[in-house]
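**Student:** structure for the following, please:
(2 chains)
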Amino acid sequence: MIHPVIDPIRRERMLLATAVLVVVTGYFLTLTAFHDKPDTVTLSIGAFSHTFHRFLWDRLLIMVFVAAVYLTYAGLNRKRRHDFIVYPVIVCLTGLGLILLLRLSYDAHRLRHSDTISALAYRQMVWILAGLLLFNLTVRLTTYRVIHLLNRYRYTYVILALALVAATLVFGDAASDRKLSIQITKNLSIMPIEAVKILMILFAASFFCRRGSVDPHGSSRRNAFPYLVMIVLLLSLLVLQKDTGPLIIMWGVLAAMYGAATGRWFRVAVAGVATAGLAGVAYKLNTPSIVRTRFDMWLNPFSLNEQVVRGFWAQAAGGVFGTGSGHGTSFRIPEVQSDFNFVMIAEEFGFIGASMTIILFSILSLAGLNIALRSADPFRRILAVGIASMFFFQMLVIVAGNTGILPLTGITLPFISAGGSSLLSCFFLAGLLYRISCADRERMR
Amino acid sequence: VKVFRSRRHSGSPVHSPDSRKKKRHSSFYKDIRIIQIVIVILTLALTGFSARLQFFAAERIRNRPFVDTQTLDIMNRLVRHGAIYLDNADRIVMDESSSALKSFGRHRIDRIRALLPFMKIRHGRPFLPESVVSMRFTASGKSTKPRGAILDRHLTPLAEGPLNQRRYPIEKAGYPVTGAAHSVYSMIGPEHHFNAVLADTSSADSPGRLFYTDNISVTDIILTVDASLQKAAYDAMEGYTGAVIVLDVLTGDILAAVSTPAFDPSDASYENWSRIQDTNLSLNRCWERRYPPGSTFKIVTAAALLESEIVDGDFTYTCSGRHAEAKVNEFRRTSHGLMNVSSAIRVSCNVFFCEAALRLKSELKTVAERMGFNRAMTLLPPDVPAVISFAGGIPSRIYELDERVTARNPDTGRIYFRERYSAYTHRDYTRNRGTTGRTGFGQGTVEATPLQMALVALIVANGGILREPNLVAGVRMPGDTKTINAFDATPGKTGFAVGDQDEMEKNVVYFDRWPGQRVFSVETAGRLASAMESVMTAGTGASIDRLYHHPSDGLTLRAWVPWDQCIRVAGKTGTAEVEGRQDHSWFISFAPVENPRYVVSVICEHAGLGGHHAGPVAMKIYSHLFDR
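**Tutor:** The predicted structure follows:
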């Protein structure tokens, strides 16, 4: 394929300026919607706790964001042929998430008078700063040697992932009846599942680096049996944990990586049918019970699932152009800050905003696949496919859940939802993607 | 580097033939293209579904007859602000110009407007039939929000469990002190007033959960009532419509408050809750309904007489069966002869107290107000946290009904009656001697709740000292939380401990009671108490069964047994005349006389003579109290 000759640095600068402009405009429009602002807000993460004067800091927040975005950008070790789409897109998505959480924190404060909720935007800002730093470091530090080092391990990743899931099962913080997070301190808990996702993508990439069709000089054995065993092992552990969201995402990502690496799409389709059949059996047998609960809620949302129905109402209220930032009522949906961000977008920015968000994600994924095409060696290629498909799958599952197409599973919308673990892992993967796009001289061999 | 090399060696050999590269590309391109096509298709599909929800399904979703808690909440607020009201033709109307509408979104108001034909307003709260409310909150998972229990003084539950699955062990008997709660239909009584504490929403500070969590910390409320006594009092009222109040003389604690017939709070079905519209069932007669107090009010008049500096308390008056000036007839036109305060109480002489009220004039109102009239009771101890706000009871009133004036609500434009009651003027007494005279024996311009009349007996029993009636003893904090949220109180602090000391857990906080307040002198109280005892020995209450200590059977109820072998009960019967219907039967009392511990006040609506109906009910309650 012939690539048009473009100057990626100029393009990226232009796109980044557009993204930042959109975010800043949206931010100040949101601020105008709230006249009765709470005076102070207390932010506490881990042992850190500080009380801010809100009036001043809400204006400073966006300046800090813009400064961090440009500092990160300046610090990137840019190559001539790097990708110019990824960074502006993630900046735009992250900024959108920040706007939503700022907007949410006002209403949540009014409704709940809870410090943690009203400091959501500040918390998110801290994680965004950490994420941008991680992005920068990932881009700068994952040289070909590091990539090569990552390629050395295969089953170690699976063992680590299994250990993490098991640790969550044992030490997990039973916030609901499921154990999904590990409490570090009072104000800080981590979601190990995010690390598990990264580990499994690395495993698949290093596995297919040797066994897939991507490298004709690799092993002649194309037997993917160990791959299947590992995946089944991990997924069954996730079934034990009753964590359906990551299960679906991981299934999709690993299937896409398998298909891309081996070209056996028929097998992927067969596996899909088999999985659907298994889900049907689980529904019939009512084990695990969460399958039946979720499916029933999906089939009869109006009588069983208040959360999703409120989401429907909110989206229906949005219309074409939306109610405007700060004028919606979706802040009343339970867990809106982590599971229903798309509903907030659809209500306050309307169909325009919602479809633009979906399209931004697909642009990100398509750009990721283009990076995969352009990259030189099999490991990075498969890695890029995995990362790109993961962003898309995660968006697909949660958006489909919010719009009632699929059963709702509580997972985050990448870059937008509140949550440190999710943000950090997304920025790390985006950093890897960006680095892969930098067509450096060094090859794996 | 060495490691890489060896890996490289075992991996693939050095390559670069162009043909192979081309082949590799073609295969990989194909696979990537497949993924890209899938992504584009899925993006289009997702956008399409989003559009379907936002354009085509929008109207259908909005118009669906479905009510969530938030809509109900907004309805509540609109009714409270008068933006939704009953017009003169009893239709429910929304006031489009009301400023309250502006706080909510247009589509939400549209939905509420569509629900108006289904709506009913009862007790100032919106009420919807189940066909409209399709939400089921009993589904497993997040919907079952925990709710604090309501406990009695011995920490046995009167109400426990989450909404709609809430258990009320003594069912209807506890209705006045627990109220009833349903997540959709309504919340009434203490369940409604204590909701901020029971359904504690202020804690749950975990970042992942915004509005409700599974391990939310809830606070239990401890009432002063005794569950078994409550049950016994309800059983004693069988067959009567009315109310019972049992008070602890020393503390003012409400030991039992029963209203019959009562709403059954333990049944969460629509059939049951549709009965809440029946005022007869849902009314709490204990402190939300005023009755003419009848002869029981003579205790107040007598106290005013004995305390008065203008009128001689020892004055006598000859009852001829009729007070000519006030045109008041004696009950069955009996002539009692020469009467003083004590004998007039004993035989319940209307003419004597008619004359007394005419002499006392406005002093009667002053003393009555000191005893609790014209004032709403909070039913709460003094130091309760601000989150508990209990509008406990309506004030008992002594006023001129002639002064009812009409007024117009400036917001809604509706006309309503406002009762304006000012101090009696001299002209009122001279012009309207009949009304004034009747007030002296509880028939004129005076109305009292059963709680208020219990308070009158309590003051006499307590030697002239008033203790504020009190329903809340304390709270039980959530055991596992380190930070106490709603209250700025320390677990383990004990105020006035009720119940068994062993049962006091470390998370229980008891509140201090109100200090006593002297209303009249000990001498007055002593004379009134002995007069009330003579009512039971030789007066209108003499025929009531007495609490007889039988040598072998223990405590039994028996008529006309020697007084010195009985538990001495002091009481006052009342027979309040009702226009065109059977009289209300009243009885207020305390026991034992030598060392008063309990006050019992009973009213049986439209039952007849006080000594025939309310008195025996009170005696059954006493036998339960002293039998333990």
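**Student:** centroid-nearest residue for chain B?
**Tutor:** Closest to where the C-alpha atoms of chain B average out (CA atoms, centre = their mean) is residue B:189, at 3.8 Å.
**Student:** what's the nearest residue to residue A:413 if we skip its chain neighbours?
**Tutor:** Spatial nearest neighbour of residue A:413, excluding adjacent residues (CB to CB, 6 or more residues apart in numbering or on different chains): residue A:341 at 4.8 Å. Just so you know, the C-beta spots here come from the backbone N, C-alpha and C atoms, and that holds for glycine as well.
**Student:** which intervals of the stretch 101-250 of chain A have sub-threshold pLDDT?
**Tutor:** A:109-117, A:174-178, A:211-223 (pLDDT under 70).
**Student:** distance from the chain centre to the lengthiest strand in chain B, please.
**Tutor:** Longest strand in chain B, counting residues (DSSP state E): strand B:581-591. Chain-centre distance of strand B:581-591: 22 Å, with CA atoms, centre = their mean, to the nearest Å.
**Student:** how about stretch B:618-628?
**Tutor:** The answer for stretch B:618-628 is 25 Å, by CA atoms, centre = their mean.
**Student:** tell me how far whichever residue of the stretch 501-628 of chain B sits closest to chain A lies from residue B:91.
**Tutor:** Going by CB to the nearest CB, chain A is nearest to residue B:507 of the stretch 501-628 of chain B, at 20.9 Å. Relative to residue B:91, residue B:507 is positioned 50 Å away (CB to CB, to the nearest Å).
**Student:** the more surrounded of these two?
**Tutor:** Taking other CB atoms under 10 Å in any protein chain shown, residue B:507 and residue B:91 do not tie; residue B:507 has more neighbours (17 against 10).
**Student:** the more buried one contacts residue B:477, correct?
**Tutor:** Yes. Assessed by CB atoms under 8 Å, residue B:507 is found in contact with residue B:477 at 4.4 Å.
**Student:** which residues of the stretch 451-600 of chain B score low on pLDDT?
**Tutor:** Scanning the stretch 451-600 of chain B with the threshold set as pLDDT under 70 gives B:478-506.
**Student:** pLDDT of the helix or strand where residue B:51 lies, averaged?
**Tutor:** Assigned by DSSP states H and E, residue B:51 belongs to helix B:18-51. For helix B:18-51, mean pLDDT rounds to 78.
**Student:** near chain A, anything from that helix?
**Tutor:** Yes. Between helix B:18-51 and chain A, judged by CB under 8 Å from any CB of the partner chain, the touching residues are B:20, B:23-24, B:27-32, B:34-36, B:39-40, B:42-43, B:46-47, B:49-51.
**Student:** buried stuff in that helix?
**Tutor:** By neighbour count on 16 or more other CB atoms under 10 Å in any protein chain shown, the buried set for helix B:18-51 is B:24, B:27-28, B:31-32, B:34-36, B:39, B:42-43, B:46-47, B:49-51.
**Student:** same question, stretch A:241-257
**Tutor:** In stretch A:241-257, counting by 16+ other CB under 10 Å, buried: A:241-257.
**Student:** go on, stretch A:94-110?
**Tutor:** A:94-109.
**Student:** quick check: residue B:385 vs residue B:44, distance?
**Tutor:** Residue B:385 is 57 Å from residue B:44, where distance means CB to CB.
**Student:** residue A:404: how many residues sit nearby?
**Tutor:** Residues near residue A:404, counting by other CB under 10 Å, number 20.
**Student:** residue B:246 too?
**Tutor:** 27.
**Student:** checking it next. Helix, strand or coil?
**Tutor:** Of the three states, residue B:246 takes strand under DSSP: H, G, I helix; E, B strand; the rest coil.
**Student:** so it makes contact with residue B:598?
**Tutor:** Yes. If you go by CB under 8 Å, residue B:246 and residue B:598 touch, sitting 6.2 Å apart.
**Student:** give the residues shared as contacts by these two.
**Tutor:** B:255, B:625 (CB atoms under 8 Å, 6 or more residues apart in numbering or on different chains).
**Student:** and residue 356, what does it touch?
**Tutor:** All of this refers to chain A. Residue A:356 touches residue A:349, counting by CB under 8 Å, 6+ apart.
**Student:** please go with chain B instead
**Tutor:** By CB under 8 Å, 6+ apart, the contact list for residue B:356 reads B:301, B:302, B:304, B:305, B:311, B:317, B:440.
**Student:** determine which two of those are furthest apart.
**Tutor:** Pairwise distances among the contacts of residue B:356 were taken by CB to CB; the largest, 15.4 Å, belongs to B:304 and B:317.
**Student:** ok, these two, which is more surrounded?
**Tutor:** Set residue B:304 next to residue B:317 and count neighbours by other CB under 10 Å: residue B:304 wins out with 26 against 19.
**Student:** tell me how far the more buried one lies from chain A.
**Tutor:** Separation of residue B:304 from chain A (CB to the nearest CB, to the nearest Å) stands at 50 Å.
**Student:** next, that residue: secondary structure please.
**Tutor:** Quick answer, by three-state DSSP: residue B:304 is helix.
**Student:** for residue 286, which non-adjacent residue is spatially closest?
**Tutor:** The chain I'm using is chain A. Distance criterion CB to CB, 6+ apart; nearest residue to residue A:286, sequence neighbours excluded, is residue A:292 at 5.0 Å.
**Student:** try chain B instead
**Tutor:** Of all residues not flanking residue B:286 in the chain, residue B:257 sits nearest, at 4.3 Å (CB to CB, 6+ apart).
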